[in-house]
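1. Here is a sequence with its predicted model. Questions after.
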Amino acid sequence: MSNSTGTTDGTGNRTAKPEAVPARIPRSRMTGPQRRSQLVEVGRGLFAMRGLDGTTIEEIAAAAGVSKPVIYEHFGSKEGLYTQVVEFEFKILLAAINDALTDEAKPRVLVERAALALLTYIEDRTDGFRILMRDAPPSQPEGAFSTLLSHVTARVEHILSDEFARRGFSSADGAMYAQMLVGMVAMTGQWWQDSRQPDKRAVAAHLVNLAWNGLTGLQKEPELRSDA
């Protein structure tokens, strides 16, 4: 006697019993803040890859598993979401650099720390850095990265003021050199974003080597003094 299971068709042949379809697990609902955070994360990845103009609201909705009205409800528009992404990344990077410049250390060590803070941000949040370098949001028409560099330059100018006064430099010279120093670090960071060689600590050491020693006084194997 056969122990097989199933049903018989019209000819008397036994057919296999259909497998049970697993019940669909209901998707848990997100709170408003959770949904906003999810959309910011999804938007950051797409904006970094395709830019503001190259990303559609439909793509964002599909990647987040929501309808377009949900995005409009939270941000008003694609541009509104982009602005939130930029402001979020701007705050993270500015806070990291500000933290690096808060200690009462020598100017050279502070610049080392600031350079490392920028390179660490690029390493950990590459998508965020690509966005800051790209399209300017309506809230910062001059560009998010340019705005950030202006903040950092003001801090560096203040840090260098005592050193420049001691050497007899004018305050105007200090402001100019702060622009040069911050610009050098920023441009190197943009280059390192894609090369990633050498490692960030070596890059920071070479940056400060050039800034402090100049081309005529370069050390062959510079080291970070903050490691001492």
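-> Looks like it came in fine.
2. from here on, contacts and neighbour counts on C-alpha atoms
-> Noted.
3. average model confidence for the helix ranked longest in the chain?
-> Using DSSP state H, we find that the single longest helix of the chain is helix 171-195. Predicted confidence along helix 171-195 averages 90 (mean pLDDT).
4. what comes up buried for it?
-> Buried residues in helix 171-195, counted by 16 or more other Cα atoms under 10 Å: 171, 174-175, 177-179, 181-182, 184-186, 188-190, 192-193.
5. Also stretch 85-103?
-> Buried residues in stretch 85-103, counted by 16+ other Cα under 10 Å: 85-87, 89-90, 93-94, 96-98, 100-101.
6. now do stretch 44-60
-> For stretch 44-60, the buried set under the neighbour-count rule, 16+ other Cα under 10 Å, comprises 44-48, 51-52, 55, 57, 60.
7. Narrow those residues to those in helices?
-> 44-48, 51-52, 57, 60.
8. still on that earlier bit, and which of the buried residues of helix 171-195 is nearest to residue 125?
-> Distance ranking of those against residue 125, using Cα to Cα, places residue 193 first at 10.3 Å.
9. check contacts around the closest one.
-> Counting by Cα atoms under 8 Å, 6 or more residues apart in numbering, residue 193 touches 122-123, 126.
10. Next, check those residues against the strands and list the overlap.
-> Using DSSP state E, no member of those falls in strands.
11. quick check, nearest of these to residue 153?
-> residue 122 (18.8 Å).
12. what's the burial count for that closest one?
-> 22 (other Cα atoms under 10 Å).
13. now residue 39
-> When neighbours are defined as other Cα under 10 Å, residue 39 has 24 of them.
14. who's in contact with residue 40?
-> Contacts of residue 40 were listed using Cα under 8 Å, 6+ apart, and they are 81, 84-85.
15. can you put the residues you listed in a markdown table and add distance to residue 167 and pLDDT?
-> Formatted as a markdown table, these follow (distance: Cα to Cα, whole Å; pLDDT from 0 to 100):
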| residue | distance to residue 167 | pLDDT |
| --- | --- | --- |
| 81 | 48 | 96 |
| 84 | 44 | 94 |
| 85 | 43 | 95 |
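16. With respect to residue 205, which of the buried residues of stretch 85-103 is nearest?
-> Distances from residue 205 to the buried residues of stretch 85-103, taken by Cα to Cα, are shortest for residue 100, at 15.3 Å.
17. tell me the pLDDT at the residue nearest to residue 200 when sequence neighbours are not counted?
-> Excluding its sequence neighbours, the residue lying closest to residue 200 (Cα to Cα, 6 or more residues apart in numbering) is residue 119, at 6.1 Å. As predicted, residue 119 sits at a pLDDT of 96.
18. same thing with the one 5 residues further on?
-> Turning to residue 124, the model gives it a pLDDT of 96.
19. That one and residue 118, how far apart?
-> Distance of residue 124 to residue 118, computed by Cα to Cα, to the nearest Å: 10 Å.
20. between the two, who's got more neighbours?
-> Between residue 124 and residue 118, counted using other Cα under 10 Å, residue 118 has the larger neighbour count: 22 against 10.
21. And the strand or helix carrying that one, how far out from the chain middle?
-> According to DSSP states H and E, residue 118 maps onto helix 107-124. Counting by Cα atoms, centre = their mean, to the nearest Å, helix 107-124 is centred 14 Å from the centre of its parent chain.
22. Apart from its chain neighbours, what residue comes closest to the residue sitting nearest the centre point of the chain?
-> What sits nearest the mean C-alpha location of the chain, by Cα atoms, centre = their mean, is residue 128, with 2.4 Å. Nearest residue to residue 128, sequence neighbours excluded (Cα to Cα, 6+ apart): residue 89, at 5.7 Å.
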